[in-house]
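# Generate a structure from the sequence data that follows.
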Amino acid sequence: MQVSKYVEGVTFKAIYTVSRTSSVLYFFVGLGVYISSILIGYAQDPKPRHHHDLEPSWMLVYLYTLSIIYLTSLLLYFSGETHSRHCTHSHGSAFVRQGAFIFGLGAVIYTILDFLTTVLSSRVQDSLCHSPVNTFNAVLLLIFIILQMVVVIFHPRLNLRFEHGLSQLGLMHLILTNAIMWIRTIIKESMLEFYEVMEMESKDVDQLKEALQKNFTIEHLQDISRSVTKSGGYLCYEDLEDNFPTMYNFLQNWTPTLFPFIIEFSLIGCTLFFSMWNYVHLDKDVSIRRYAVNPREFLRSLDFTHSWMGFSLGALLVSLNFINLILFFKYSSLEDSTDEFISKSSNSAVNFCGSVASVMAILKIQQLKDKENVVGRGMDAALLYISGSFLILYSILEILVGANYKSNFTGYSRLQIVNGVFSVTSTIVQVIFINLTFVKGHEEKDDEREKKEIDYPARQETVFLALTNLSQWLIFTFEIQKTKSSRTEAEYFGPFHWVILERIIMPLSIFFRFHSTVVLVDSWKSNYPNNKRRQQLNPCPADISNSEDGPQAEAMEMENAIVVSSSGEP
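Numbers count the residues shown, from 1 in each chain. Model prediction:
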């Protein structure tokens, strides 16, 4: 009797809170188990030759399998009208969904290569790399990536019902899977960087043998060589090098390029599913119309008024950074630092331009009205603060190294300090401007009249900054996180310590550039008048209600139930 009394007093709000809290604890417990397993594996084998030697393979089977089951049920069952609604805003903007498609394709190629590596290693006699579990995990990961791409692209506004807590637990499991996918990719990338450093030091030892033979015994030099080369190379790649040289060369050239794709894809999954988890069973921002993908209508709804100057200058910077990438890889050498000088000179110029544009934008955007309702921006601001702090930390390290260390290469200490200062400055003023875009903006009720240039303050600067951050994302992704682009720092901290520092700091620094691009594109699109939307307003809004990011019904008149059109994309 007493038990039933307590059970009858339990409210839905209490159940909802317990379920929400339990899902968060599930995430931290799962992450803790994975990281603890990695640390235990490292303690047992301080010189692992493959990331599979560290990670718990059976835990990955559990994560991938449950994620596939939940994503499948989400697509086939929970996304239906009886189990979900759609928000008036997207959990991931159109730019994020396009990024999910591009990064998803790169992640698919990366996973296929990983699968081929394990399969080919199975054909090598006495190979320590092959494991049926690892091969099975590669297949599961491929299926998971494809299903996640479908959900992110076709269901970006999904607002799930409670479903006895299953929605919150399932979404948090997807977040956990993406977080672990991100961590294991960074571990593999770090191990490849470690072995690259080992090869560099091994070459230095060979040169030392030739130069100092007369002063050291051969046995002494061989001891030095063994202490430097350690385990000799990355295990699976060694198997392929000896038995499948063509595949080995392909993997060696393309795997480092594909790492950023799966890292960014997993971060997109984390942020989108977290936003979706945050809206489970909430009635706020619910749309009466269900979202449908229509890229053609989306493109037709874009208004490029007063954007072409900023777009042209931004495209110029993107082109310069592409040239920077080409020159970096062309002049990449261990004997001199020409490539490092080119990279830091270009980066300093881009950061200076970004700082000036951000200051101008901060001053101009004051002309816009304050928004009456600020929806869904807390998560964006938090991501900016967290990722921006890592970029500032990286830049401060760069300044301190430039001020305190004389490189054996030329060093370019002054250039390094200038680059770091401009990077810190541009990051700070850009975060300030982006936060202003959250609270300043155009009101759609003023769309009846033709707009003039005075109605678009800071729009040119916004599109310029979006392209600047996109180009910086390319540089950070494909150049700066490579050890050869920061040899000065590697000399100061030591190559192995610098690889560890880079792998801790750089992922979120890279994400800052991508996330800034997303938010700025969204601001360019939604914070200003849309003359095309004004021209489309007509007595039959149903004709355009299915457009991508197009009008969504926000209100209904009580007497005649006429739908009033409004923009729905954040």
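# ok, how many other residues are close to Val29?
The number of residues packed near Val29 is 11, by other CB atoms under 10 Å. For glycine as for every other residue, the C-beta is placed from the backbone atoms N, C-alpha and C.
# Need the phi and psi values for Leu158.
Here is the backbone geometry of Leu158 (degrees, to the nearest 10): phi -70, psi 130.
# correct me, but it touches His89?
No. The criterion here is CB atoms under 8 Å, and Leu158 misses it with His89 at 11.9 Å.
# Compare those two (neighbour count), which wins?
Ranked by neighbour count (other CB under 10 Å), Leu158 and His89 place Leu158 first, with 25 against 22.
# contacting residues for the more buried one?
Residues in contact with Leu158 (CB atoms under 8 Å, 6 or more residues apart in numbering) are Leu74, Ser79, Ser84, His86, Cys87, His91, Val151, Met276.
# and if we set it to 10 Å?
Leu158 is in contact with 74, 78-79, 83-87, 90-91, 151, 167, 171, 272, 276, 279-280, 290-291, counting by CB atoms under 10 Å, 6 or more residues apart in numbering.
# Likewise for Leu313?
So Leu313 contacts Cys353, Ala357, Gln460, Glu461, Val463, Phe464, Leu467, Thr468 (CB under 10 Å, 6+ apart).
# I'd like the average pLDDT over stretch 519-527.
On average, the pLDDT along stretch 519-527 is 85.
# ignore the last one, stretch 403-422
Throughout stretch 403-422, pLDDT has a mean value of 75.
# Just the buried residues of the contacts of Leu158.
74, 78-79, 83-87, 90-91, 151, 167, 171, 272, 276, 279-280, 291 (16 or more other CB atoms under 10 Å).
# List the ones among those residues that fall in helices.
With DSSP state H as the criterion, helices contain Val151, Ser167, Leu171, Leu272, Met276 from among the buried ones among the contacts of Leu158.
# where do the helices sit along the stretch 151-300 of the chain?
Assigned by DSSP state H, counting those that start in this stretch, the helices in the stretch 151-300 of the chain fall at 166-212, 218-229, 235-243, 245-278, 295-301.
# Quickly, which of those bottoms out on average pLDDT?
Note on those: lowest mean pLDDT is at helix 218-229, with a mean of 44.
# Can I get stretch 28-42 in PDB? Just the C-alpha atoms.
Extracted C-alpha coordinates of stretch 28-42, given in PDB (Å, rounded to 0.1, in the frame of the first residue of the first chain):
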ATOM      1  CA  PHE A  28      30.000   9.900 -19.000                       C
ATOM      2  CA  VAL A  29      30.100   6.300 -17.800                       C
ATOM      3  CA  GLY A  30      30.600   5.100 -21.400                       C
ATOM      4  CA  LEU A  31      33.300   7.700 -22.100                       C
ATOM      5  CA  GLY A  32      35.000   6.900 -18.800                       C
ATOM      6  CA  VAL A  33      35.100   3.100 -19.600                       C
ATOM      7  CA  TYR A  34      36.500   3.800 -23.100                       C
ATOM      8  CA  ILE A  35      39.200   6.200 -21.900                       C
ATOM      9  CA  SER A  36      40.100   3.900 -18.900                       C
ATOM     10  CA  SER A  37      40.500   1.000 -21.300                       C
ATOM     11  CA  ILE A  38      42.800   3.000 -23.500                       C
ATOM     12  CA  LEU A  39      45.000   4.000 -20.400                       C
ATOM     13  CA  ILE A  40      45.100   0.400 -19.200                       C
ATOM     14  CA  GLY A  41      46.100  -0.800 -22.700                       C
ATOM     15  CA  TYR A  42      48.800   1.800 -22.800                       C
END
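# Can you list the buried residues in that stretch?
Applying 16+ other CB under 10 Å to stretch 28-42 flags Gly30, Tyr34, Ser37, Ile38, Gly41 as buried.
# Now tell me what touches that stretch from outside.
Applying CB under 10 Å, 6+ apart, the external contacts of stretch 28-42 come out as 48, 51-60, 62-63, 172-173, 175-177, 179-180, 183-184, 187.
# List only buried entries from these.
48, 51-56, 60, 63, 172-173, 175-177, 179-180, 183-184, 187.
# ok so, going back, could you save the ones in helices among the buried ones among the contacts of Leu158 as CSV and add columns showing distance to Glu491?
Formatted as CSV, these follow (distance: CB to CB, whole Å):
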residue, distance to Glu491
Val151, 45
Ser167, 51
Leu171, 45
Leu272, 40
Met276, 45
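# And the strands in this protein?
Secondary structure of the chain (DSSP state E): strands at 84-87, 158-160, 286-287, 555-556, 563-564.
# and those, which one is worst for confidence?
Looking at the strands of the chain, the weakest mean confidence is strand 563-564, a mean of 33.
# so what's in contact with Leu158 and His89 at the same time?
Listed as contacting both Leu158 and His89 by CB under 10 Å, 6+ apart are Tyr279.
# Pull the contacting residues for Trp524.
By CB under 10 Å, 6+ apart, the contact list for Trp524 reads 302-304, 307, 310-311, 437, 456, 458-466.
# Would you confirm that Ser426 contacts Phe512?
No. Under the criterion of CB atoms under 10 Å, Ser426 makes no contact with Phe512, lying 11.1 Å away.
# and for these two, which residues touch both?
Joint contacts of Ser426 and Phe512 (CB under 10 Å, 6+ apart) are Leu391, Asn469, Gln472.
# of these, the lowest pLDDT goes to which?
Gln472 (88).
# got a pLDDT number for the closest residue to it other than its chain neighbours?
Spatial nearest neighbour of Gln472, chain neighbours left out: Arg513 (4.8 Å); criterion: CB to CB, 6 or more residues apart in numbering. We have a pLDDT of 89 for Arg513.
# Scan the shared contacts of Ser426 and Phe512 and report the most crowded one.
For the shared contacts of Ser426 and Phe512, neighbours tallied by other CB under 10 Å; top is Gln472, 28 neighbours.
# list the contacts for that one?
Residues near Gln472 by CB under 10 Å, 6+ apart: 317-318, 321, 347, 350-351, 354, 391, 423, 426, 480, 509-510, 512-514, 516-517.
# how about stretch 304-324: buried residues?
Using 16+ other CB under 10 Å as the test for burial, stretch 304-324 gives Thr305, His306, Ser307, Gly310, Phe311, Leu313, Gly314, Leu317, Val318, Asn321, Asn324.
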